[in-house]
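Colleague: Predicted model, plus sequence, below.
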Amino acid sequence: MLTQHNAFDAMQARLRVAAELYGLEDALFKVFIQPKRSMIVSLPVHMDDGHWEVFTGYRIQHNVARGPAKGGIRFDPGVTYDEISAGAAWNTWKTAVVDVPFGGGKGGIICDPSAMSQGELERLTRRYTAEVMDVIGPDRDVPGIDMGTNAQTMAWVLDTYNMHARVHANAVVTGKPVGLGGSLGRAEATGRGVLISAREAMQRLGKPLAGATLAIQGFGNVGNQSARLLHEAGARMVAVSDQRGAIRNDRGIDVHALLKYHSETRTVVGFKGAEPMDPAELLTMAVDILVPAATDNQITEHNAAKVRAKVVVEGANGPTSPEADPILLSNGVLVVPDILANAGGVTVSYFEWVQNRNGYYWREREVNERLVEYMTHAFQAVFATTDKYKTNPRIGAYILALDRVSLAMHYRGFYA
Ligand code: NAD
């Protein structure tokens, strides 16, 4: 029977496997299988044409044993409670995998930012911030950017929070503009983490990154930064897609020319230096590295057997379904799981929070060097755990995270 997972089911399925293999005690499993706290808010917003619209927003915290919750705010028409819960849980595991002192949170609003004016988006963001004010803060829960939100959104959250709290706390959000306390290197951090993961994975296969062929699904923040950095490291991008279509050029796509074209047109479709192709075929091309950097549930039981990439580096959250995991494993595809591969973003968010709290700012070179240190260390820890438990890297990453979060839970004890 074919299964269609929602993101939270997919998280729980992996958690079950990892918990059993690790031997997680039942009490902790019951704690981790659901969010710790969920807030649902209703947000009346005065629209430009004079009518009032009421939006639904969420802020969900999965676990805070290791530190304040951390996680982006997503603006998207497809936002659901389950999707945000999954994101919050993934952030618990992700922050533990890269070993930064945060827990897992996530927020979202059901809205279509592409159909809203800047004024409407500002009013929506401020109303949301005022509603979730009691649960966020530098020591409680630190929102950041996700799909549909950007540095400007974070600036509005920061301002609204500070106005209400009567403080100047720029550590309340990450991903804000550099002129407002944002970190150098944050905008490309997730892509840089993908680059580091791809390099480490290729090294495990005994192959250099230079000259490796590459296909990327999605050309937003993660996709285009990954494309640029991997191209600059010598990889040859032969295919790329976005929501509107896909393009390919077996001799290699000129990534800098594509970035310029994309900044003018907001799509990769129609780029002169490549041919159009079927977007579904991109995922099954015979390339060295495949980076799904668009959305969840893209590699499933329907197409996993056809995936011919040697390495899959999951730039997106949840791009592979639980049924696809064993198929990829038995076909020898090395998967760098999302909670490791795209953790560069949360790592530099942590650096941003540290810089804000110190009031002392690092040069970009320092940010990038520290990111390499955190990511390579995490990569090695995930693969050591994978080998120890004789499992696949995704379950290895979950076990590493479970071990670190459980340890913190034990030190704290259960308050009843
Ligand atoms: P984004 O909105 O900037 O870009 C998404 C891209 O994917 C766009 O190019 C869009 O056209 C494309 N896309 C959407 N659906 C597609 C489909 N079905 N086929 C092909 N392309 C499609 O978002 P982003 O910030 O780049 O995030 C992408 C993914 O990475 C999400 O899963 C997000 O949660 C995850 N992620 C992002 C960050 C970050 O720092 N931005 C960090 C960690 C994880």
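Modeller: Great, that's in hand. Numbers count the residues shown, from 1 in each chain.
Colleague: Pull the CA coordinates from the longest strand seen in the chain and hand them back as PDB.
Modeller: Scanning the chain for the strand with the most residues, using DSSP state E, yields strand 52-63. Extracted in PDB, the C-alpha atoms of strand 52-63 (Å, rounded to 0.1, in the frame of the first residue of the first chain):
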ATOM      1  CA  TRP A  52     -10.100  42.700   8.000                       C
ATOM      2  CA  GLU A  53      -8.600  39.300   7.500                       C
ATOM      3  CA  VAL A  54      -8.100  36.900  10.400                       C
ATOM      4  CA  PHE A  55      -5.000  34.600  10.000                       C
ATOM      5  CA  THR A  56      -4.000  31.600  12.100                       C
ATOM      6  CA  GLY A  57      -0.500  31.400  13.500                       C
ATOM      7  CA  TYR A  58       1.500  28.900  15.500                       C
ATOM      8  CA  ARG A  59       4.500  28.900  17.900                       C
ATOM      9  CA  ILE A  60       5.400  25.400  19.000                       C
ATOM     10  CA  GLN A  61       8.200  24.300  21.300                       C
ATOM     11  CA  HIS A  62       9.200  20.600  21.200                       C
ATOM     12  CA  ASN A  63      11.900  20.400  23.800                       C
END
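Colleague: Could you pull out the buried residues of stretch 319-329?
Modeller: Across stretch 319-329, burial judged by 16 or more other C-beta atoms under 10 Å covers Pro319, Thr320, Ser321, Pro322, Glu323, Ala324, Asp325, Ile327, Leu328, Leu329. No exception for glycine: its C-beta is placed from N, CA and C like everyone else's.
Colleague: Quick check: of the residues you listed, which lies closest to the ligand?
Modeller: Pro319 (7.2 Å; C-beta to the nearest ligand atom).
Colleague: So the closest one sits against Pro292, correct?
Modeller: Yes: with contact defined as C-beta atoms under 8 Å, Pro319 reaches Pro292; the gap is 3.7 Å.
Colleague: tell me the angle of the helix or strand just after the longest strand of the chain relative to strand 52-63?
Modeller: On the C-terminal side of strand 52-63, the nearest following helix or strand under DSSP states H and E is strand 69-76. Per axes from the mean of the first three to the mean of the last three C-alpha atoms, to 10 degrees, the angle that strand 69-76 makes with strand 52-63 is 150 degrees.
Colleague: Now do the contacts for Asn170.
Modeller: Counting by C-beta atoms under 8 Å, 6 or more residues apart in numbering, Asn170 makes contact with Leu158, Asn162, Lys176, Leu180, Gly181, Asn356.
Colleague: same thing but 7 Å
Modeller: Counting by C-beta atoms under 7 Å, 6 or more residues apart in numbering, Asn170 touches Leu158, Lys176, Leu180, Gly181, Asn356.
Colleague: Assign Gly193 to helix, strand or coil.
Modeller: helix (DSSP: H, G, I helix; E, B strand; the rest coil).
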